[in-house]
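>>> show me the folded form of this:
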Amino acid sequence: MSETRRKLTTIFSADVQDYTRLMRADEEGTLATLKQYRDAMARLIVAHDGRVINTWGDGLIAEFPSVVEAVRAAVDAQNELAGYNTKRSDDARMLFRIGINLGDVIAEDGDIYGDGVNVAARLQTSAAPGGIVISNTVYDQVRNKVAVGFEFLGLLEVKNIDGGVPSYAVRIGVEGEDPAPAPPHSAFGRQQSPAEVPLRAGAAPVRGPTRKYGVLAVIAAALAGINLLSWQGEFWAAWPLLALAVLSVLIWLRSAKGTDRMLATLGAAGLGIAGINLLSWDGTFWAIWPLLGIAIAAGLRWVMRRQPSVGQ
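So this is what the prediction gives:
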């Protein structure tokens, strides 16, 4: 009779990016490469006191009694596999994505089940090819114990987990940096998805919102100075300053842990619309209508995010 029990463990989940494409191009070669790479990963897992629980298709799941050793095993695995890939052409490289979570699981017959495993699998799918993504429960344990850096990716939506799971990309080659709590986005460009965040040896240190605020402040001061030095009776700098203010508020809202990105974006948009109305004031507060629409959208978003996910 099988024994079922609950336990706290570190779950390590890995799979291959674009495995279907690789198989389509060369079935036998891909299977041979998969075996070589997965054997190397399994060897490193065991070397760090971990245990491979299961393999299926291109996937692998393991567990570790130590959170620190799980992250070290993942870093060692990605570094070793990166060395293998340097000998292969770009379209034949096999890149693993790894997700690590510390969570409570159900153990039965040598296997593990539950939300803790699901979170690790979801983190893995969010990792960049050749990269590692960890949950906040892992980050809290390893932030000062592993010679890597971290970048906060924001809240990762996971079924049955209300409010999402804060996640971090591991930055191999960047030591001891405490990440600014901000999702990965450029102050002047589009937002990046977690899969687009580069993860490689020798990556540049992560720069947080503080640096962005400084850049925005310098730009604002320069605009105001240009306007005053070329004064012709009009303070035209008010418009770009409004845009910079809205951008600063958006960065600040999105940098707060637990903040919903969509709600933050709607809030910043509302501020911008109200500012435009005031700067072009003609006696009518026309912004009330778009602000009403934004309030309705924010209310719907709030209600929907509070609903538990269905289907698991």
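>>> and residue 14, how far from residue 143?
22 Å (C-beta to C-beta, to the nearest Å). Just so you know, the C-beta spots here come from the backbone N, C-alpha and C atoms, and that holds for glycine as well.
>>> now do residue 250
In terms of C-beta to C-beta, residue 250 sits 27 Å off from residue 143.
>>> what do you get for residue 40?
Distance from residue 40 to residue 143, by C-beta to C-beta: 27 Å.
>>> next: residue 111.
Going from residue 111 to residue 143 by C-beta to C-beta gives 30 Å.
>>> neighbour count: the two, which is higher?
Neighbours were counted for residue 111 and for residue 143 using other C-beta atoms under 10 Å; residue 143 has more, 17 against 14.
>>> right, and the more buried one touches residue 137 too?
No: under the criterion of C-beta atoms under 8 Å, residue 143 is not in contact with residue 137, lying 11.5 Å apart.
>>> ok, residue 17 touching residue 93?
No: the pair residue 17 and residue 93 does not pass the contact test of C-beta under 8 Å, sitting 9.3 Å apart.
>>> so where's the stretch 151-300 of the chain shaky on pLDDT?
Low-confidence segments of the stretch 151-300 of the chain (pLDDT under 70): 174-211, 253-261.
>>> can you list the domain ranges for the protein.
With domains defined by automatic domain parsing, the chain comprises 4-196, 209-305.
>>> roughly how far does the most centrally placed residue in the chain sit from residue 301?
When the chain is reduced to its mean C-alpha position, the closest residue under C-alpha atoms, centre = their mean turns out to be residue 153, at 2.8 Å. Distance of residue 153 to residue 301, computed by C-beta to C-beta: 20 Å.
>>> got it, and residue 116?
As defined by C-beta to C-beta, residue 116 lies at a distance of 28 Å from residue 301.
>>> could you report the neighbour count for residue 274?
17.
>>> quick check: closest non-adjacent residue to it.
Spatial nearest neighbour of residue 274, chain neighbours left out: residue 287 (5.2 Å); criterion: C-beta to C-beta, 6 or more residues apart in numbering.
>>> can you give me the neighbour number for that neighbour?
Using other C-beta under 10 Å, residue 287 has 17 other residues around it.
>>> now do the contacts for it.
The neighbours of residue 287, taking C-beta atoms under 8 Å, 6 or more residues apart in numbering as the test, are 273, 274, 276, 277.
>>> ok but the first one is inside a helix, no?
Yes: the assignment for residue 273, made by DSSP: H, G, I helix; E, B strand; the rest coil, places it in a helix.
>>> what sits against it?
287, 290, 291, 294.
>>> I figured residue 291 hits residue 276, correct?
No: with contact defined as C-beta under 8 Å, residue 291 does not count as touching residue 276 (11.4 Å).
>>> quick one: the strands in the stretch 51-200 of the chain?
Secondary structure of the stretch 51-200 of the chain (DSSP state E, counting those that start in this stretch): strands at 51-56, 59-64, 96-108, 111-113, 132-135, 149-158, 161-171.
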